[in-house]
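Colleague: Okay, predicted coordinates and the sequence, questions at the end:
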2 protein chains.
Amino acid sequence: MTAHPELTRNQTLVLKALDRAEGPLSAYGILDRLRDDGFRAPLQVYRALEKLQQFGLVHRLESINAFVACCQPHGHRHETIAFAICSHCGRVDEFSDAAVEERLNEWVRAHRFKPAKTTIEISGECADCTARGAG
Amino acid sequence: MTAHPELTRNQTLVLKALDRAEGPLSAYGILDRLRDDGFRAPLQVYRALEKLQQFGLVHRLESINAFVACCQPHGHRHETIAFAICSHCGRVDEFSDAAVEERLNEWVRAHRFKPAKTTIEISGECADCTARGAG
DNA sequence: CGTCTGAATGTTATGACATTACATGTCGAT
DNA sequence: ATCGACATGTAATGTCATAACATTCAGACG
Ligand SMILES: [Zn+2]
Ligand SMILES: [Zn+2]
Ligand SMILES: [Zn+2]
Ligand SMILES: [Zn+2]
């Protein structure tokens, strides 16, 4: 599964919708954009999103219940990823920091905690929006 | 607002419900536990939770849409807090790490991002549950 | 006292996000 | 052909959160 298989039709459509979007989209937002492609029910979106997340092509933003296409060309699965989310324009920046990852891993080891998923999200206002004097 | 004022009746009830709970509670879970105290609608819970979060007495766990009472005796407002959430037993451990906070602050400074709220949540299985051989 | 005002509360309705359950289709392996 | 694994279609339901509006409460002030 390292090189994920061909995407199905629905997965391709969902990924394209996210790629074309300016910012994160909710599942229902994706659904609305795919009505013309035959999408009728939320489950079609959620099922595609689940696979795309497994492939590392899409990330879920827990703090805003939305999804973004991964900015890396071929996805990634093993790093801890942090997100900076502009609550004004929706821009999402994705980054990883080895020191952050290492410190969290230390806590986890020290407490014998078996991590399954790590969420790091900073919400706020991006530089552009701040410069423009956004509210 | 450093020493937060007296809590109102509803705020007190919600905080007590969270204190008594084993793990995190959803807003509707809190509502159910406060029916006998006269609670009838979700808004009563959400309004109390909003204030309690401002006072630093309650934290929202974004990745599971739930709330926990702060484990510090008098709350805290200025640190970046990380949570380790056991998806098996619901146990939540709260910790902060200066190095993590500093690294995230560096990214934010470098990108002129104006942070409003930082979420760090590690979901997984706690040591006790792993030892018990949980699934 | 009476009134004004801001905060908290009560209530109904609605919106937003996500999953369960079951039926159907597709395609390669045997 | 038939089987199994996976993807899909559809309806119904469950879960989380807020909008809108009316009412109540407690302190400030003349
Ligand atoms: Zn990515
Ligand atoms: Zn922005
Ligand atoms: Zn705390
Ligand atoms: Zn546990």
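Modeller: All right, it came through fine. Ligands and ions are numbered 1, 2, ... in the order given.
Colleague: Now do A:His78, the pLDDT please.
Modeller: According to the per-residue confidence, A:His78 scores 73 in pLDDT.
Colleague: Buried residues in stretch A:97-116, which are they?
Modeller: A:97, A:100-101, A:103-104, A:107-108, A:113-115 (16 or more other C-beta atoms under 10 Å in any protein chain shown). Every C-beta, even on glycine, is put in place using the N, C-alpha and C of the backbone.
Colleague: Next, work out how far apart A:Ile64 and B:Arg47 are.
Modeller: From A:Ile64 across to B:Arg47, the span is 21 Å (C-beta to C-beta, to the nearest Å).
Colleague: Those two: which has the busier surroundings?
Modeller: A:Ile64 (19 against 15; other C-beta atoms under 10 Å in any protein chain shown).
Colleague: Secondary structure class of the more buried one, three-state.
Modeller: Here A:Ile64 is recorded as coil under DSSP: H, G, I helix; E, B strand; the rest coil.
Colleague: roughly how far apart are it and DNA strand C?
Modeller: Distance, A:Ile64 to DNA strand C, using C-beta to the nearest atom of the strand, to the nearest Å: 7 Å.
Colleague: Wait, that residue touches A:Phe83, no?
Modeller: No: with contact defined as C-beta atoms under 8 Å, A:Ile64 does not reach A:Phe83; the gap is 9.7 Å.
Colleague: What are the structural domain limits within chain A?
Modeller: Here the domain parsing of chain A from automatic domain parsing is A:9-69, A:81-132.
Colleague: contacting residues around the residue of chain A at minimum distance from ligand 3?
Modeller: Minimum separation of chain A from ligand 3 (C-beta to the ion) falls at A:Trp107, amounting to 15.5 Å. When contacts are counted by C-beta atoms under 8 Å, 6 or more residues apart in numbering or on different chains, A:Trp107 is found next to A:113, B:82, B:84, B:95, B:97.
Colleague: For the fourth one, give me phi and psi.
Modeller: According to degrees, to the nearest 10, the main-chain angles of B:Phe95 amount to phi -150, psi 160.
Colleague: can you check the last one too?
Modeller: Dihedral pair for B:Asp97: phi -140, psi 120, per degrees, to the nearest 10.
Colleague: Name the nearest residue to it, ignoring sequence neighbours.
Modeller: A:Arg103 (5.1 Å; C-beta to C-beta, 6 or more residues apart in numbering or on different chains).
Colleague: what about that neighbour, which SS state?
Modeller: A:Arg103 ends up helix, using three-state DSSP.
Colleague: That one against B:Glu101, yeah?
Modeller: No: using C-beta under 8 Å, A:Arg103 is not in contact with B:Glu101; the gap is 9.6 Å.
Colleague: Identify the residue nearest A:Phe39 in space, chain neighbours excluded?
Modeller: Leaving out its chain neighbours, the residue that sits closest to A:Phe39 by C-beta to C-beta, 6+ apart is A:Leu31, at 5.6 Å.
Colleague: swap that for A:Lys114, please
Modeller: Excluding its sequence neighbours, the residue lying closest to A:Lys114 (C-beta to C-beta, 6+ apart) is B:Glu125, at 4.3 Å.
Colleague: Can you tell me the number of residues neighbouring the one you found?
Modeller: 23.
Colleague: Scan chain A for its longest strand.
Modeller: strand A:114-125 (DSSP state E).
Colleague: partners of that one in the sheet?
Modeller: Strand A:114-125 sits in its sheet next to strand A:82-86 (parallel), strand B:114-125 (antiparallel), going by DSSP bridges.
Colleague: Output the longest one as PDB, nothing but the C-alphas.
Modeller: Coordinates of each C-alpha in strand B:114-125 appear next as PDB, following Å, rounded to 0.1, in the frame of the first residue of the first chain:
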ATOM      1  CA  LYS B 114      -1.500  35.600  14.300                       C
ATOM      2  CA  PRO B 115      -2.500  32.500  16.400                       C
ATOM      3  CA  ALA B 116      -5.800  32.500  18.200                       C
ATOM      4  CA  LYS B 117      -6.000  29.000  19.500                       C
ATOM      5  CA  THR B 118      -3.700  26.000  19.300                       C
ATOM      6  CA  THR B 119      -4.900  22.400  19.400                       C
ATOM      7  CA  ILE B 120      -2.600  19.500  20.200                       C
ATOM      8  CA  GLU B 121      -4.300  16.200  20.700                       C
ATOM      9  CA  ILE B 122      -2.900  12.700  20.700                       C
ATOM     10  CA  SER B 123      -5.500  10.000  20.400                       C
ATOM     11  CA  GLY B 124      -4.600   6.400  21.100                       C
ATOM     12  CA  GLU B 125      -4.500   3.900  23.900                       C
END
